[in-house]
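J.: One predicted model, sequence on top.
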Amino acid sequence: MKIIFSQAAKDKLLPKLENGSAQLKLLYDTEGCGCVVSGVPALQLVSEPGPDDREGEGELPFLFEPRHEVFFEPVLKIDYDTVKEQFSLKSDQQIYTNHLRLIPRSAGCELP
């Protein structure tokens, strides 16, 4: 899996990653969705990789779980809208979400 980050997304994410205490993870959150195909993509800051995490390709390092790879295209794009203050996740074929959440590490337990 590869993610191309826009300059605006890099500008927003780099300060959260630069001291090395956090890593970026692309999630496919199915909690409360009722069905695995109704999941919602999100970004999460994690302290360390989970046992099933793999590193993806990109200008910024990120983790993902291979079991969720089927829900995404091989090349994704993450942008940040500075006016709306929100991330988006897209590919050349579709928009996954214009409201990609960034879940901080302090949000309690890390999602599976």
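T.: Thanks, I have the structure now. Numbering: from 1, shown residues only.
J.: What does the pLDDT read for residue 79?
T.: At residue 79, the model reports a pLDDT of 97.
J.: Helices of the protein, start to end?
T.: Remark: helices assigned in the chain by DSSP state H are 7-17.
J.: in the protein, which spans are strands?
T.: 2-5, 23-29, 40-46, 54-55, 57-58, 62-64, 75-81, 86-90, 95-103 (DSSP state E).
J.: how about those strands in TSV, adding distance to residue 14?
T.: In this view, the C-beta of every residue, glycine as well, is placed from N, C-alpha and C. Below are those laid out as TSV (distance: least, Cβ to Cβ, whole Å):
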stretch	distance to residue 14
strand 2-5	9
strand 23-29	10
strand 40-46	12
strand 54-55	17
strand 57-58	13
strand 62-64	13
strand 75-81	11
strand 86-90	14
strand 95-103	13
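J.: Compare these and say which comes out lowest on pLDDT.
T.: Per-stretch mean pLDDT for these is lowest at strand 23-29 (a mean of 88).
J.: of all the strands of the chain, which lies closest to residue 12?
T.: Residue 12 sits nearest to strand 75-81 of all these, at 4.7 Å, using Cβ to Cβ.
J.: Report the buried residues of that closest one.
T.: By 16 or more other Cβ atoms under 10 Å, the buried positions in strand 75-81 come out as 76-80.
J.: now for those residues, which pair is the farthest apart?
T.: By the measure Cβ to Cβ, 76 and 80 form the most distant pair in the buried residues of strand 75-81, at 14.0 Å.
J.: who touches the closest residue to residue 9 other than its chain neighbours in this structure?
T.: Once flanking residues are discounted, residue 9 sits nearest to residue 80: 4.2 Å by Cβ to Cβ, 6 or more residues apart in numbering. Going by Cβ atoms under 8 Å, 6 or more residues apart in numbering, residue 80 touches 6, 8-9, 11-13, 86-88.
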